[in-house]
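Participant: missing the sequence, but the structure's below:
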Ligand code: SAH
């Protein structure tokens, strides 16, 4: 199955952009995914091809018009009826590796890129659009966010990454950051590679890596650590309940 990406944007020339090179670029030329950048301006109805208007209530900037956005989304849905429509916005739900995995397992995605102050709010409910953020930063447009989301999906498509296991051991795949990596030279500017990684003892290495992943997550990302711990506790208590149920 080919993963079909449709991107609704005022700057279609930005696509595939960086996704046309390296891993994603090779996969694109091999037909493992497709990209269809659609110019939102093509759905404007006046002779100036207007896509934005001033914000209701006043204030700075311009807002993308709901009727134009709806026409662009309807067009995308007619091409890819089963693909979820995702709007890139800092007001959205922060993207997670879990959501990326779900998307990558599906038929593709339609990504709506904002500009200026963003979208008329009515579009989200009106067209069943999922709002996604790529982090607590403000970009000048949704395009770099779309490239980021698509890149994360594409690397998970079957046959795109070299070693399949390198996909599952990554950061976030088990709710933790990944352990740190090292490679030759063994000593660099007085800094060495941790002894255990040179021991050849695979069990010991696995234990060290697991410990490091947990320690680093706890120190660097207390938010992730808390969620990981809650999930672990919950699955432990779930297992206990199951045993109790079996016992009764
Ligand atoms: N006024 C908006 C920001 C608009 S930035 C606000 O304060 O919430 C212009 C466009 O860039 C947005 O419509 C969105 O498509 C994109 N964008 C900016 N930051 C983003 C982020 N963190 N995640 C996803 N998209 C983002």
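Facilitator: Done, it's in. What you are looking at is a predicted structure, and each value in this text was computed from that prediction instead of being measured.

Participant: start to end distance for stretch 39-54?
Facilitator: 21 Å (Cα to Cα, to the nearest Å).

Participant: again, but for stretch 156-173
Facilitator: Note: stretch 156-173 ends 12 Å apart using Cα to Cα.

Participant: can you check stretch 214-231 too?
Facilitator: Stretch 214-231: ends 14 Å apart by Cα to Cα.

Participant: and that stretch, how far out from the chain's middle?
Facilitator: Its chain's C-alpha centre and that of stretch 214-231 lie 20 Å apart, by Cα atoms, centre = their mean, to the nearest Å.

Participant: likewise for stretch 80-93?
Facilitator: Relative to where its chain is centred, stretch 80-93 has its mean C-alpha point 11 Å off (Cα atoms, centre = their mean).

Participant: for residue 64, the count of nearby residues, please.
Facilitator: Residues near residue 64, counting by other Cβ atoms under 10 Å, number 23. Backbone N, C-alpha and C define where each C-beta goes, glycine included.

Participant: check what pLDDT it gets.
Facilitator: What the model reports for residue 64 is a pLDDT of 98.

Participant: with the one 3 residues further on instead?
Facilitator: According to the predicted model, the pLDDT of residue 67 comes to 98.

Participant: what is the neighbour count of it?
Facilitator: Other residues close to residue 67 by other Cβ under 10 Å number 14.

Participant: how about it, secondary structure?
Facilitator: For residue 67, the assignment made with DSSP: H, G, I helix; E, B strand; the rest coil gives helix.

Participant: quick one: the closest residue to residue 41 other than its chain neighbours from the ligand, how far?
Facilitator: Distance criterion Cβ to Cβ, 6 or more residues apart in numbering; nearest residue to residue 41, sequence neighbours excluded, is residue 49 at 5.0 Å. According to Cβ to the nearest ligand atom, to the nearest Å, residue 49 stands 19 Å off from the ligand.

Participant: residue contacts, residue 63?
Facilitator: Going by Cβ atoms under 8 Å, 6 or more residues apart in numbering, residue 63 touches 52, 53, 54, 55, 56, 116, 117, 118, 119, 120.

Participant: for it, list each beta-bridge partner.
Facilitator: Residue 63 forms beta bridges with residue 53, as assigned by DSSP bridges.

Participant: for burial, what's the neighbour tally of residue 79?
Facilitator: So residue 79, with other Cβ under 10 Å, has 13 neighbours.

Participant: same check, this time on residue 35
Facilitator: Residue 35: 20 surrounding residues under other Cβ under 10 Å.

Participant: about what we covered before: which secondary structure element is home to the residue nearest to residue 41?
Facilitator: Using DSSP states H and E, residue 49 falls within no helix or strand.

Participant: with that, I have no additional questions.
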